[in-house]
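Participant: need a structure here:
(chains A and B)
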Amino acid sequence: MLASRVSVFILGLLALTSLTVAADDLEDYVGVYGAENGQRYMQPLADVMIANMNGGLFHSAYIPREGFHFCVGVEGMVSPIGDDQRTFTATTEAPFAPEQTLEVPTVFGDTQGAQASGTGGTVYYFPGGFDVQQMPAAVPQLTIGSIYGTEGILRFTATETNETIGKVELLGLGARHSISQYFSNSPVDLAASFLWQSFTVGEIVDASALSFGVQASRSTGILTGYVGLAFESGTLDLDYEQEVAGTTQAVSYELEADNSVRLTLGATLDLSVLRLHADYSLAAQNTIGIGFGVGTWPRAKGGAQ
Amino acid sequence: MNAWNHHVAPRRSRWVGLLALVVALLVLSQAGCEKQRFYFVVDVSKDLVYEIDQTGAFDLTERVTSSDIRSALDIPEDAEITDVQVKSLVCKVYPYDDNSAPALLVTGRVDDQTGPLDKVFENETIPLAGVDVPYIGLNALISGGISKIRNRIKDYVDRTNNADFLINLQGNSQPADWRIHVALVLVIDITVKYSECLDVPAGFTDGESCD
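Facilitator: The predicted structure is shown next:
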């Protein structure tokens, strides 16, 4: 019997909402599917979740060579869900007969699901989805520096949910290094970055993401414009149980996120102790980023920042 | 550009920053949740074990009770059942060493206290020798019998009728009158569709409103 559906549907906006939502009710949605249908059902979630995880890393390319600065904030990301992410072609699974192929909802699709009629009036139900129009996520982030123009990035949250799901934990470690410090006449600030993240939800979900990128920014007064190019990857491992003909079977597979290259355009508003930013990332899975942070940070004397 | 000098923000700018932070926190706190209805599908199965130990024709019956089904069904208390269906019927066979029948020819029927109701399948050949599959699908099911099973189980789930029902198997070895000694497990796969209202972040999903 599949795990009972326990409702902590939202863990708040301080965790990776997208995966928490999915993991919470995961088994009751995807649990009727084996690996083949299950992967297609869940693939859009992997694409969106990894895209969200890799967002919000930077808000400026300016990193001082020396001196203490920090920023504690929340990075919010929203991924719009396209029509092509709402359905997939599924095939009924044995022992249901005869085999049939239908267009059915993904985890982001219509809530009602679909059904196929079989021999003697038997019925095969394809589960519905959450009818998601856009998928939000939010992560806490600490940035601290600088040593030789390098700052560290930490993302961390851990919460015990319940016996069924267990512990929800996010850990992200990264660093950014100023490139423009090596070019005295650079018209813009330049930086390079990497970020590794791990996100687990009990023993059901295990996701990881990796991002390497370069950024450029230039500021005028309290406004900074920035652009970034990143190469990224990510995987989402799922483990659950499926009941087939009275026997419980373990189902396990790895989903690889669609995103590989991301171009980010954004702006930061620097209001003394508060920093607000918004950006848009163009990639296979587009994302909108918005966030805020409080702390102390240096400013360039004008021109680039 | 080499600009590593700090710039000290004026006092007025700090107040603007703090005010903006308060506004941002207020907006976040108001974002909130809303209740929306989502539909779940859960599979439940019921195993009926028939021990056949004889030569030639057999006639055996196993009972299905409401508690069998309810105890196997794991859904939230506040869930609303929207449908119950039979997904499939399969057999699993476990021949004993002294079994000599190569196959069985079996007819299944659903009965209740009033007597025989409907056939579920008729003259299905179930191989006993050389079987290397986890189950044998029964693919020539009869809608009258499936409908009876489905209705009884739906009554159990809905708690509208708790009366037991029976599944009767009649048959013979194939070829007839060979020594049969086998445990035959008939598995009824049932799908229960239910809905439940869940808290979701406001504005991100288009589920039916529960308000």
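
Participant: the helix or strand hosting residue A:175 and chain B in contact?
Facilitator: Following DSSP states H and E, one finds residue A:175 within strand A:167-178. No: if you take CB under 8 Å from any CB of the partner chain as the test, strand A:167-178 misses chain B, and the best it gets is 9.5 Å. Where you see a C-beta, it was placed from the backbone N, CA and C, and this is true even at glycine.

Participant: continuing past that strand, what's the next helix or strand?
Facilitator: That would be, after strand A:167-178 and using DSSP H and E, strand A:189-201.

Participant: could you list the paired strands of the helix or strand that that next one is followed by along with their orientation?
Facilitator: Going down the chain from strand A:189-201, the next helix or strand is strand A:205-220, by DSSP H and E. Strand pairing for strand A:205-220, determined by DSSP bridges: strand A:189-201 (antiparallel), strand A:223-244 (antiparallel).

Participant: residue of chain B closest to chain A, please.
Facilitator: Closest to chain A within chain B is residue B:141: 2.7 Å, counting by CB to the nearest CB.

Participant: phi, psi of that residue?
Facilitator: Backbone geometry at residue B:141, expressed as degrees, to the nearest 10, gives phi -80, psi 150.

Participant: please name the bridge partners of it.
Facilitator: Beta-bridge partners for residue B:141, by DSSP bridges, are residue B:121.

Participant: mind listing what it touches?
Facilitator: Residue B:141 makes contact with A:119-122, B:89, B:120-121, according to CB atoms under 8 Å, 6 or more residues apart in numbering or on different chains.

Participant: of those, which pair is most distant in space?
Facilitator: Maximum pairwise distance in these, criterion CB to CB, is 12.3 Å, between A:121 and B:121.

Participant: who has more neighbours out of those two?
Facilitator: Between residue A:121 and residue B:121, residue B:121 has the larger neighbour count (other CB atoms under 10 Å in any protein chain shown), namely 22 against 17.

Participant: I'd say that one and residue B:142 touch.
Facilitator: Yes: between residue B:121 and residue B:142 there is a contact under CB atoms under 8 Å: 6.1 Å.

Participant: overlap in contacts of the two?
Facilitator: By CB under 8 Å, 6+ apart, the residues touching both residue B:121 and residue B:142 are residue A:120.

Participant: looking at chain B, which helix or strand does the model trust least?
Facilitator: helix B:11-31 (a mean of 51; mean pLDDT, DSSP states H and E).

Participant: find the residue at the geometric middle of chain B.
Facilitator: Nearest to the mean C-alpha position of chain B, by CA atoms, centre = their mean, lies residue B:43 at 1.3 Å.

Participant: quick one, phi/psi of the closest residue to chain B within the stretch 1-150 of chain A?
Facilitator: Closest approach of the stretch 1-150 of chain A to chain B (CB to the nearest CB) occurs at residue A:120, with a separation of 2.7 Å. In terms of degrees, to the nearest 10, the main-chain angles of residue A:120 are phi 70, psi 20.

Participant: so how far is residue A:80 from the spatially closest residue to it that is not a sequence neighbour?
Facilitator: For residue A:120, ignoring the flanking residues on the chain, the nearest one in space by CB to CB, 6 or more residues apart in numbering or on different chains is residue B:141 at 2.7 Å. For residue B:141, the distance to residue A:80 equals 44 Å [CB to CB, to the nearest Å].

Participant: A helix includes residue B:67, no?
Facilitator: Yes: counting by DSSP: H, G, I helix; E, B strand; the rest coil, residue B:67 is located in a helix.

Participant: count of residues packed around it?
Facilitator: Counted with other CB under 10 Å, the neighbours of residue B:67 add up to 11.

Participant: now it: how far from residue A:108?
Facilitator: Distance from residue B:67 to residue A:108, by CB to CB: 38 Å.

Participant: list the contacts for residue B:46?
Facilitator: Residue B:46 neighbours (CB under 8 Å, 6+ apart): A:246, B:64, B:68-69, B:72, B:187-188, B:190.

Participant: element containing it?
Facilitator: Counting by DSSP H and E, the element that carries residue B:46 is strand B:33-55.

Participant: in that strand, what counts as buried?
Facilitator: Buried residues in strand B:33-55, counted by 16 or more other CB atoms under 10 Å in any protein chain shown: B:34, B:36, B:38-46, B:48, B:50, B:52.

Participant: columns pLDDT on top of those, output as a markdown table?
Facilitator: Listed next are these as a markdown table, based on pLDDT from 0 to 100:
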| residue | pLDDT |
| --- | --- |
| B:34 | 77 |
| B:36 | 84 |
| B:38 | 86 |
| B:39 | 87 |
| B:40 | 86 |
| B:41 | 88 |
| B:42 | 87 |
| B:43 | 88 |
| B:44 | 89 |
| B:45 | 90 |
| B:46 | 92 |
| B:48 | 95 |
| B:50 | 96 |
| B:52 | 95 |
